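*Asks:* sequence first, predicted model second:
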Amino acid sequence: MSEFIIETNGLTRRFGRHVSVDHIDLRVPEGKIYGFLGANGAGKTTTIRMLLSLIRADEGSVQIMGRSLKRERESILRNIGSLVEGPSYYGHLSAYGNLKIICKLLELPEENIREVLDTVRLTPYAKQTVKGYSLGMKQRLGIAQALIRKPKLLILDEPINGLDPAGIQEIRNLMLALSHEQGITIFLSSHILSEIQSIADYVGIIQGGKLIFQDRMQELEKRNTVRLSIITDRPDEAYHALIRNGATTEKHGNELLVTVTGRMDQGEIFRILQPFSLQHVSEQTSSLEDIFLQLTGKGESL
Ligand SMILES: Nc1ncnc2c1ncn2[C@@H]1O[C@H](COP(=O)(O)OP(=O)(O)OP(=O)(O)O)[C@@H](O)[C@H]1O
């Protein structure tokens, strides 16, 4: 069996002439949190709808838990909990009442209700009608609805959208607990880089329907570059000395910006600059936002 719980190959969806999802090859490792990051309209929801077989793909294939979604739709979907485009519920019923309906529909034991209410910490409010809930509580009910079937895989579309900081923290902690304590794989989408950074083990970045990055979160962070900003007495000569020795260097007026790499480390840079008197040296580190801008091209950010 594949080590990936979700694997897509060439997955594509068009709306008219617009290619919303363009040949994407997702690789989602089992037991991890995978953040699917992209600006509004990048194609996240369309991808998720295809993963859940809510819309058909024009091209490509989806394998979930090592099985073809096309051929084994029913049995695969039974093992997936999902929350797409906000929770749906009966406002005049309690959380318990809403979950009871789902249990009946899916022929699940009613004992599951207490457990999931506990997991999402709604037990104290279980008997209150949902229409009085805060947005965060409604979202937690949505996750409880997804969890009631005890899924191996949870697919959540923008689960923190519209929540206040406390609500965001709650959902974040809940996702970490589900992943670490219950081993559930979580695939979640977001347009907020810092959100994905704070919880995801893996990240996929979608832009204009194309998957432009997919790897461990650390690999994205590793693209962080450190540069030294240096001011010397003779900037032109220092610039040429650095370039001659193979250092990636930019010159802005008197300031030299030298990229630090494994081969061109700080010691090597200072060795080259020994003949010069250094008036100022400081370190500049690019943020994840900078890396994201480098990946997606200028003028577009999340
Ligand atoms: N049913 C549809 N009919 C026509 N175009 C669609 C349809 N669904 C999505 N699109 C288009 O496909 C593109 C991707 O949309 P999608 O909703 O997947 O993006 P997204 O990344 O989820 O963004 P958002 O966070 O805004 O939902 C957009 O250009 C959107 O207009």
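*Replies:* Nice, thanks for sending it over. Numbering: from 1, shown residues only.
*Asks:* who are the contact partners of the residue in the stretch 51-200 of the chain that the ligand sits nearest to?
*Replies:* Ranked by C-beta to the nearest ligand atom, the top residue of the stretch 51-200 of the chain for proximity to the ligand is residue 191, at 5.7 Å. For the C-beta atoms, the positions are set from N, CA and C on the backbone; glycine is no exception. Applying C-beta atoms under 8 Å, 6 or more residues apart in numbering to residue 191 gives the contacts 37, 38, 39, 40, 42, 44, 158, 302.
*Asks:* and the pLDDT at the third one?
*Replies:* Here the pLDDT value assigned to residue 39 is 88.
*Asks:* correct me if wrong: it contacts residue 208.
*Replies:* No. Counting by C-beta atoms under 8 Å, residue 39 does not reach residue 208; the two are 9.1 Å apart.
*Asks:* about what we covered before: can I get the contacts of residue 191 in CSV with neighbour count and distance to residue 187?
*Replies:* Shown next, in CSV, are the contacts of residue 191 (neighbours: other C-beta atoms under 10 Å; distance: C-beta to C-beta, whole Å):
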residue, neighbour count, distance to residue 187
37, 25, 12
38, 24, 13
39, 16, 18
40, 9, 19
42, 24, 15
44, 23, 10
158, 21, 12
302, 19, 18
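*Asks:* which ones among those residues map onto helices?
*Replies:* residue 44 (DSSP state H).
*Asks:* show me which of the contacts of residue 191 neighbour the ligand.
*Replies:* The residues of the contacts of residue 191 that also fall near the ligand, by C-beta under 6 Å from any ligand atom, are 38, 40, 42, 44.
*Asks:* hmm, the last one is touching residue 207, no?
*Replies:* No. In this structure residue 44 lies outside contact range of residue 207 using C-beta under 8 Å: 10.6 Å.
*Asks:* mind listing the shared neighbours of the two?
*Replies:* residue 38.
*Asks:* residues in contact with the closest residue to residue 246 other than its chain neighbours?
*Replies:* If the residues on either side of it in the chain are set aside, residue 246 comes closest to residue 264, at 6.8 Å by C-beta to C-beta, 6 or more residues apart in numbering. Neighbour list for residue 264: 246, 247, 248, 258 [criterion: C-beta under 8 Å, 6+ apart].
*Asks:* over to residue 186?
*Replies:* Applying C-beta under 8 Å, 6+ apart to residue 186 gives the contacts 32, 33, 34, 153, 154, 156, 175, 178, 179.
*Asks:* quick check: beta-bridge partners of the third one?
*Replies:* Partner residues in beta bridges with residue 34: residue 187, residue 202, with DSSP bridges as the criterion.
*Asks:* that one reaches residue 28, doesn't it?
*Replies:* Yes. Between residue 34 and residue 28 there is a contact at 4.6 Å, judged by C-beta under 8 Å.
*Asks:* what's the overlap in contacts for these two?
*Replies:* Joint contacts of residue 34 and residue 28 (C-beta under 8 Å, 6+ apart) are 6, 185, 187, 202.
*Asks:* hang on, the earlier thing: present the ones next to the ligand among the contacts of residue 191 as JSON lines; the columns should include distance to residue 64.
*Replies:* Formatted as JSON lines, those follow (distance: C-beta to C-beta, whole Å):
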{"residue": "38", "distance to residue 64": "21"}
{"residue": "40", "distance to residue 64": "26"}
{"residue": "42", "distance to residue 64": "22"}
{"residue": "44", "distance to residue 64": "17"}
